[in-house]
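A.B. asks: Structure of the sequence below:
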Amino acid sequence: MRRVQGVDVTRVEAAVRAAEATTTGEIRVALARIYFWGDMQRAAERAFRRLRMDRTRQRNGVLVFVAPLRRGLAIIGDAGIAACVGPPFWRATVDLAIKSFAASDGDLTAGILDTVAEIGRALAAHFPGAGDNRIPDSVAEDSRR
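C.D. replies: Take a look at the predicted model:
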């Protein structure tokens, strides 16, 4: 078990692999390693591009950007999946994670696992099949603002 800022990275990476098993979609989790005062959504958008989540064939990459010290989360879905699920799905998924973070007493893992599973179900519904997994399943430790 490898932990980074209260997150069990080993379990998160296993959850990403499981969520991607029945979809051509790609999921990546990034942890902000520093505390920043900026906008979570903008930081997530920058990480999305930096991690090349926009390079999937069907534009179905999803980034879960977590700021552990802020107990915050933002989700960025590429154009393909965003067109299928719409803003209410993203808001509900973020709300699910934030509620879990608030109840977790420092361990954010459960909220991230729930979020990854929910995104995996949406990707499987709209992009079924087995993908070639071009995006790493490893958790990215983002040190940029």
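A.B. asks: give me the element Arg134 is part of.
C.D. replies: Using DSSP states H and E, Arg134 maps to neither a helix nor a strand.
A.B. asks: Report pLDDT for it.
C.D. replies: Per-residue confidence (pLDDT) for Arg134: 79.
A.B. asks: gap between it and Pro88?
C.D. replies: From Arg134 across to Pro88, the span is 29 Å (CB to CB, to the nearest Å). Where you see a C-beta, it was placed from the backbone N, CA and C, and this is true even at glycine.
A.B. asks: Then Ser100?
C.D. replies: Using CB to CB, Ser100 is found at 19 Å from Pro88.
A.B. asks: who's more crowded, these two?
C.D. replies: Ranked by neighbour count (other CB atoms under 10 Å), Ser100 and Pro88 place Ser100 first, with 19 against 8.
A.B. asks: what's the closest non-adjacent residue to that one?
C.D. replies: Leaving aside its sequence neighbours, Ser100 sits nearest to Gly111 (CB to CB, 6 or more residues apart in numbering; 3.2 Å).
A.B. asks: Send over the helix or strand hosting that neighbour as PDB, restricted to the C-alpha atoms.
C.D. replies: Element membership of Gly111, judged by DSSP H and E, is helix 109-126. Provided in PDB are the C-alpha atoms of helix 109-126 (Å, rounded to 0.1, in the frame of the first residue of the first chain):
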ATOM      1  CA  THR A 109      -9.600   7.200  -0.800                       C
ATOM      2  CA  ALA A 110     -13.200   6.100  -0.500                       C
ATOM      3  CA  GLY A 111     -14.500   9.300  -2.300                       C
ATOM      4  CA  ILE A 112     -12.000   8.800  -5.100                       C
ATOM      5  CA  LEU A 113     -12.900   5.100  -5.500                       C
ATOM      6  CA  ASP A 114     -16.600   6.000  -5.700                       C
ATOM      7  CA  THR A 115     -15.900   8.700  -8.200                       C
ATOM      8  CA  VAL A 116     -13.800   6.400 -10.400                       C
ATOM      9  CA  ALA A 117     -16.400   3.700 -10.300                       C
ATOM     10  CA  GLU A 118     -19.200   6.200 -11.300                       C
ATOM     11  CA  ILE A 119     -17.100   7.500 -14.200                       C
ATOM     12  CA  GLY A 120     -16.300   4.000 -15.300                       C
ATOM     13  CA  ARG A 121     -20.000   3.100 -15.400                       C
ATOM     14  CA  ALA A 122     -20.700   6.100 -17.600                       C
ATOM     15  CA  LEU A 123     -17.800   5.400 -19.900                       C
ATOM     16  CA  ALA A 124     -18.900   1.700 -20.200                       C
ATOM     17  CA  ALA A 125     -22.500   2.800 -21.100                       C
ATOM     18  CA  HIS A 126     -21.400   5.200 -23.800                       C
END
